[in-house]
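J.: this one's structure only:
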């Protein structure tokens, strides 16, 4: 079995543990993706049919990486197991069996912007100012409740009497559900909640799915919420061949419902489970590994695990204190230029920050120093022209979608004004003037033609057809340079859609739309991989990535660890886990920076150094002023 060569003893043990429940506690840089893919390869080599194997992870990027590794090892034309994100798996289950719980065959998926828009409209209909009750806060509350398996009715019974916000959230959820049904749409949370409901309520479907996938693999198990944990257990209920990989020390999403209890209590759920610990870090220098250990060992709610490495100790961790945020950013830009002069490509460097507002000063400094960079922030799929195009494509698949029709009819403008749109929305077509009716009918004829074409046109060809027939191509091509750039963005959609050309007509188009709605920040990084430049991103977005050189900025008490906002209390252990993730992104060089004074929301604050710096043995730190003791503490 040549594919086992190069694995250490613990990795090999995990790969060969093919029957029954297995929990793998995988430290940072311990080769968990290699273990997962090699285990799947081993199952196939041992004669398990690929169609019986399922692997679930959290991002499209991780799923693509796993799929590409397996394709390389199994062969380009070999059949592949099902590899999907949790939301992608939910989509598969609902497309195949969703009619049992009232889900149409071709449904659209609301992204966060779509959901916030509907919630904002619901608040206005209730005469509540969205500035006083932010739609994002309501959506977050609904999302967390859905992640706990709660329905709108159960939420109403529990929260409608507790407070004004509780009553508002309860009423908004009812209106939100009505809007989703009217649009034949689901939101991200429905893609988990409805499959769980489906499998729990329909024994025939549950049995069919359990027979289909007899070997279940779950990546990043520490990031699963209560409902995702239930879904995993439902899939594995019959055969118990469930293999989960996770690291409690990298659980950084409890604020959006993740529960480390799924991993902590795996042995209680499966008393015969085997636990394997991967402690060898292949990524980072000895100094960085030692520092990471000393940080995370301060946490108590974890399973004992201490990373080791055979990598050289390398250089000590630099700590730099600047007089201000601008000074911090300028020093980082200067230091990156030094790294580049030493031959380190800028794309091998990352700047991490705890909160998004920190990026402004960093961007300005990099621009001033002429250091190329790429910022993870505005996702490709969040751009107006891209959302316009996706509305057109969704409308062609299902012409009754009201919100898509309202968006598409104005992209590009075709002389159909707000009054006309209002009449259409109110079902008052008979009140349209002849000129208005002619414009509407012309638009509807285009939609009808595209709907017919969607039946048997490959996704990429269909997207090109929509670009042409919608009028967007002719409008943007003859516009300003900025508009021509927008046209290039929607042309890119056709390139992305070509990934689905092997699937027939509507099925491929629906899969393309679903993956577009479920794209994450790291998928946006994937799109930028051909470009050169330093990567700027939040620590949350950096999870799962690695870089030669990493700057962790804003190492100040109240910023990192971050203070809770409003009634939210700071979770010290989660903040420490987040810092652990930041530290372990670095392979060769780690730099921690802070500002003595930082302007936050227009006010200057004297900052204290982060308490996390005290967790690291001073022997591993090199303060930028050359001293062995931090002058920054004086």
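T.: Sure, I can see it. Keep in mind it's a predicted model, so treat the numbers as computed, not measured. Numbers count the residues shown, from 1 in each chain.

J.: output the contacting helices and strands for the lengthiest strand in the chain.
T.: Taking DSSP state E as the criterion, the chain has its longest strand at strand 586-600. Under the contact criterion of 3 or more Cβ pairs under 8 Å, 6 or more residues apart in numbering; DSSP states H and E, strand 586-600 touches helix 286-296, strand 317-324, helix 325-341, strand 547-552, strand 603-606. Backbone N, C-alpha and C define where each C-beta goes, glycine included.

J.: list the buried residues for it?
T.: For strand 586-600, the neighbour count (16 or more other Cβ atoms under 10 Å) marks 586, 587, 588, 589, 590, 591, 592, 593, 594, 595, 596, 598 as buried.

J.: so in that sheet, which strands flank that strand, and in what orientation?
T.: Sheet pairing for strand 586-600, assigned by DSSP bridges, gives strand 317-324 (parallel), strand 547-552 (parallel), strand 603-606 (antiparallel).

J.: which of the buried residues of strand 586-600 has the weakest pLDDT?
T.: Among the buried residues of strand 586-600, residue 598 carries the weakest pLDDT, at 86.

J.: angle of the longest strand of the chain against helix 286-296?
T.: Calculated by axes from the mean of the first three to the mean of the last three Cα atoms, to 10 degrees, strand 586-600 forms an angle of 50 degrees with helix 286-296.

J.: and stretch 51-66, how far apart are its ends?
T.: 16 Å (Cα to Cα, to the nearest Å).

J.: cool, and stretch 233-248?
T.: Start-to-end, stretch 233-248 (Cα to Cα) is 19 Å.

J.: how about that stretch: buried residues?
T.: 233-236, 239, 241-248.

J.: following element in sequence after the helix-or-strand element of the chain with minimal mean pLDDT, please.
T.: Sorting the helices and strands of the chain by mean pLDDT, DSSP states H and E puts helix 521-527 at the bottom, at a mean of 52. Next helix or strand after helix 521-527 toward the C-terminus (DSSP states H and E): strand 534-538.

J.: returning to what we had before: if you average pLDDT over each of the strands paired with strand 586-600, which is lowest?
T.: Among the strands paired with strand 586-600, strand 603-606 carries the lowest mean pLDDT (a mean of 80).

J.: packing partners for the next helix or strand after that strand?
T.: Later in the chain than strand 603-606, the nearest helix or strand by DSSP H and E is strand 621-623. If contacts are counted by 3+ Cβ pairs under 8 Å, 6+ apart, strand 621-623 sits against strand 317-324.

J.: what about the strand it packs on, distance to the chain center?
T.: Between the centre of strand 317-324 and the centre of its chain there are 31 Å (Cα atoms, centre = their mean, to the nearest Å).

J.: mind listing the strands for the stretch 201-350 of the chain?
T.: Per DSSP state E, counting those that start in this stretch, the stretch 201-350 of the chain carries strands over the ranges 215-218, 242-246, 274-278, 317-324, 349-353.

J.: my read: residue 220 touches residue 56, true?
T.: No. Residue 220 is beyond contact range of residue 56, at 9.2 Å (criterion: Cβ atoms under 8 Å).

J.: point out where this protein drops to low pLDDT.
T.: In the predicted model, the chain carries pLDDT under 70 at residues 160, 162, 377-380, 479-482, 485, 519-531, 564-570, 600-603, 625-634.

J.: residue at max distance from the center of it?
T.: residue 434 (47.7 Å; Cα atoms, centre = their mean).

J.: how far away is that residue from residue 321?
T.: The gap separating residue 434 from residue 321 is 72 Å, by Cβ to Cβ, to the nearest Å.

J.: cool, residue 486 as well?
T.: Distance from residue 486 to residue 321, by Cβ to Cβ: 43 Å.

J.: tell me the one of the buried residues of stretch 233-248 nearest residue 455?
T.: Each of the buried residues of stretch 233-248 was scored against residue 455 by Cβ to Cβ, and residue 235 proved nearest at 32.7 Å.

J.: I figured that closest one hits residue 210, correct?
T.: Yes. With contacts counted by Cβ under 8 Å, residue 235 reaches residue 210, the gap being 6.6 Å.

J.: in stretch 468-478, which residues are buried?
T.: Neighbour-count burial for stretch 468-478 [16+ other Cβ under 10 Å]: 469, 470, 471, 472, 473, 475, 476.

J.: count of neighbours near residue 200?
T.: By the criterion of other Cβ atoms under 10 Å, residue 200 has 14 neighbours.

J.: which elements pack onto the strand or helix carrying it?
T.: Assigned by DSSP H and E, residue 200 belongs to helix 190-201. Identification of packing neighbours for helix 190-201 by 3+ Cβ pairs under 8 Å, 6+ apart yields helix 86-97, helix 135-147, helix 203-212, helix 226-236.

J.: got the angle for it vs helix 203-212?
T.: 110 degrees.

J.: how long is stretch 187-206 end to end?
T.: 23 Å.

J.: what does it rub up against?
T.: Residues outside stretch 187-206 that contact it (Cβ atoms under 8 Å, 6 or more residues apart in numbering): 86-87, 89-91, 93-94, 97-98, 100-101, 103, 109-112, 114-115, 142-143, 146-147, 149, 180, 186, 209, 225, 227-228, 230-231, 234-235, 237, 518.

J.: how about stretch 431-443: buried residues?
T.: 432, 436, 439, 440, 443.

J.: name the next helix or strand downstream of whichever strand or helix holds the fourth one, please.
T.: For residue 440, the enclosing helix or strand under DSSP H and E is helix 434-453. From helix 434-453 onward toward the C-terminus, using DSSP H and E, the following helix or strand is helix 459-469.
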